[in-house]
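Asks: Return atomic coordinates for the entry below.
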Amino acid sequence: MLAHRPRGGSENPRSRGLVGLPRSEHRGGGVWMLGGEIPGPYKRAKTMPESAAVPGLSISLTPEESALFALLMEVVRHLKLGCVLRVAGGWVRDKIMGLPSSDIDIAIDDQMGKDFADHLLNHLEATGRKEKMGSIGVIKSNPDQSKHLETATARVMGFELDFVNLRAEEYTDTRIPVMRIGTALEDAERRDLTINALFYNINSECVEDYTGLGIQDLQARLIRTPLPPLRTLTDDPLRALRAIRFCSRFGFEVAPDLQEALRDPATVESLNTKVSRERVYTELNGMLNGPAPGHALCMLFEFGLLPVVFQCPPDATVPPTWPSSSYSLIQACDRLTPSTLSSLSVPVPGGAPPPPAGGGGGGGGG
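Replies: Numbers count the residues shown, from 1 in each chain. Below you'll find the predicted structure:
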């Protein structure tokens, strides 16, 4: 495979450490594992954390973020809801990496996202602060298109927020899972990638890593899944494209077992039949607008996903020499400016925007 260097810019954290973690704590991310086990870069942890809170790791909040979280906790305490609020996924990852992020997903441990959003709106209306929050929208789940999680959306204090419940799944005799409110561990395990399975617990103001792998994989610059990768990709085949997008964005490596799952014919077939073209185009636009679009295209080719993404005719084949013969094009892609790339992005039905700079974190939820 051809090697490509991502375009320079603030989004490329190749030389960036984990800004919230003191150097003395950079020990492979296993310091909080039971029995002191520290899994290697390609070794899946066999023990679960006694406490998911990551010692020595703090997140620096902006004044606006602090005010937002204070408001959310005000609702919890004033209404005596007794729930735990967590920020899930991409915002946590980016904060730890020292990157800006406005992609805030609020996960609630004991109720649906719409229910908490209603509590928040009612509280603001009752206290004369209705102007701080816009109307609530609801994105319904669509299991047939691998969209399993209902999401409530609202603009609050200038932030675009998604409200979701912690999710767990139970399978009956069909491939469609039955969703229920789950634990933080269950929710973390069903997410797309370990680096996107981190939480910031708003109640206790700490970072949580329930998989025991998220911080370690950020340090090792590794893309892998919380559960066996084929299971994760079967849950939502779009995660194959998300893995490639994050790999090309951050310059990370793909774990060997995930590489095998990406090449699995079942993954290719599911991506072609279970995922809407709108969702595919959204991920593709995220790759094209990222720091290394040429690298992303090469990865799509390497894992056999290029024909699916670009809807090549069934009898068409991509020649094995494609990376070499297209090298000039790929180099040109990596030299394009963000404004030029934006003009070349694939039109998405319904006008859906490309993934946010925070990258989303849910994989199934975001």
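Asks: which residues of the protein fall in strands?
Replies: Here the chain has its strands, by DSSP state E, at 85-88, 104-108, 137-139, 151-156, 159-165, 167-170, 178-181, 199-201, 206-208, 222-223, 253-254.
Asks: Reformat these as CSV; add distance to residue 62, mean neighbour count and mean pLDDT.
Replies: All C-beta atoms are positioned from the backbone trio N, CA, C, and that covers glycine. Listed next are these as CSV, based on distance: least, Cβ to Cβ, whole Å; neighbours: other Cβ atoms under 10 Å; pLDDT from 0 to 100:
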stretch, distance to residue 62, mean neighbour count, mean pLDDT
strand 85-88, 13, 25, 96
strand 104-108, 12, 24, 96
strand 137-139, 25, 14, 89
strand 151-156, 15, 20, 94
strand 159-165, 11, 22, 95
strand 167-170, 28, 16, 80
strand 178-181, 30, 14, 81
strand 199-201, 13, 23, 97
strand 206-208, 17, 22, 95
strand 222-223, 28, 22, 98
strand 253-254, 31, 19, 96
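Asks: Distance to residue 58 added to those strands, as CSV?
Replies: Shown next, in CSV, are the strands of the chain (distance: least, Cβ to Cβ, whole Å):
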stretch, distance to residue 58
strand 85-88, 14
strand 104-108, 18
strand 137-139, 32
strand 151-156, 24
strand 159-165, 21
strand 167-170, 27
strand 178-181, 29
strand 199-201, 10
strand 206-208, 8
strand 222-223, 23
strand 253-254, 27
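Asks: what about the stretch 51-200 of the chain, any weak spots by pLDDT?
Replies: Within the stretch 51-200 of the chain, the stretches with pLDDT under 70 are 141-149, 171-177.
Asks: Can you show me the helices along it?
Replies: Ranges of helices within the stretch 51-200 of the chain are 63-78, 90-96, 113-126, 184-189, based on DSSP state H, counting those that start in this stretch.
Asks: winner for burial among the ones you listed?
Replies: Ranked by average neighbour count under the criterion mean count of other Cβ atoms under 10 Å, the helices of the stretch 51-200 of the chain are headed by helix 90-96 at a mean of 25.
Asks: then that one to CSV, C-alphas only?
Replies: Output of helix 90-96 as CSV, limited to C-alpha atoms (Å, rounded to 0.1, in the frame of the first residue of the first chain):
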residue,chain,number,x,y,z
GLY,A,90,-15.8,12.2,19.9
TRP,A,91,-15.8,15.2,22.2
VAL,A,92,-14.0,13.3,24.9
ARG,A,93,-11.5,11.9,22.4
ASP,A,94,-10.7,15.3,20.9
LYS,A,95,-10.5,17.0,24.3
ILE,A,96,-7.9,14.5,25.4
